[in-house]
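K.L.:
sharing a model that was predicted from the sequence below.
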Protein chains: 2
Amino acid sequence: MADINTIAKQFTDFYYNTFDTNRANLGALYRDMSMLTWEGSQLLGATSISEKLAGLPFEKVLHKVTTLDAQPSSPSVASVIVSVTGLLVVDDSPNPLQFSQVFQLIPDGGSYYVYNDIFRLNYGA
Amino acid sequence: MADINTIAKQFTDFYYNTFDTNRANLGALYRDMSMLTWEGSQLLGATSISEKLAGLPFEKVLHKVTTLDAQPSSPSVASVIVSVTGLLVVDDSPNPLQFSQVFQLIPDGGSYYVYNDIFRLNYGA
């Protein structure tokens, strides 16, 4: 099995590249029990989550990952918690936004799906 | 059972108050299988985690929570993922640092212990 940091890196590379190029395709990463908390709004299930992500008011968006940490999230299952901090460049703004995002990935037939997803923009003092 | 947001609020109130007043006491929240990733450094187990936290180079520290989100982290166990963003005031500095922290809490005899803990300071663009 791949190293946990490799899994986290491959997942986030794929996730943010898909988000930044065709975020309608992100729905395939979620299941009916998946949860997304986006800036405090709670969505349950792949359909609701896809609609939320597709409807975000960005024309053009670019994620730049600053830090990426991963830990196994269970002693018995090969699930993974991934914590990301980074910068979000929206519609070519010269002022990127800081963000924090947490995922829990659950193994599923050689791949992983997203069970938990919590996204927050970070504003300064 | 308490609502998940209540659990997250009670836990983070206790955790940051203890961190800011007597962080040697935080060790009681961890177990032998607990993990802490602190600014990229990986610690395993309550003893190592306690030593890391006790040895941090802060005389005086104050956490101010800006956002707090929680989700159930398992369909079968009452475990909780808690995502925090906030400000850290170190040694009365006028320039607070932004931080992001993720916990996974596991139920244990009417209370919870910390299984996963990932902490990062966030620096701007």
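P.N.:
Yep, it's here. Predicted model, so just to flag it, every value in this text is computed and none were measured.
K.L.:
where does chain A dip in pLDDT?
P.N.:
A:1-2, A:124-125 (pLDDT under 70).
K.L.:
what residues does it have near chain B?
P.N.:
Proximity of chain A to chain B, by Cβ under 8 Å from any Cβ of the partner chain, involves residues A:33, A:35, A:37, A:40, A:66-67, A:69, A:71-75, A:81, A:83, A:85, A:87, A:95-96, A:98, A:100, A:102, A:104, A:115-116, A:118, A:120, A:122-125. The C-beta positions use only the backbone N, C-alpha and C, and glycine is treated the same way.
K.L.:
show me where chain A has helices.
P.N.:
A:4-22, A:46-54 (DSSP state H).
K.L.:
straight-line length of stretch A:76-83, end to end?
P.N.:
21 Å (Cα to Cα, to the nearest Å).
K.L.:
buried residues in it?
P.N.:
A:79-83 (16 or more other Cβ atoms under 10 Å in any protein chain shown).
K.L.:
could you dump these to CSV with distance to residue B:110?
P.N.:
Output for these, formatted as CSV (distance: Cβ to Cβ, whole Å):
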residue, distance to residue B:110
A:79, 25
A:80, 28
A:81, 24
A:82, 30
A:83, 28
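K.L.:
could you list the buried residues of stretch A:53-61?
P.N.:
Buried, per 16+ other Cβ under 10 Å, within stretch A:53-61: A:53, A:61.
K.L.:
gap between it and the chain center?
P.N.:
Put simply, stretch A:53-61 sits 14 Å off its chain's centre (Cα atoms, centre = their mean, to the nearest Å).
K.L.:
list the residues that contact residue A:7.
P.N.:
If you count contacts by Cβ atoms under 8 Å, 6 or more residues apart in numbering or on different chains, residue A:7 has them with A:70, A:80, A:105, A:112.
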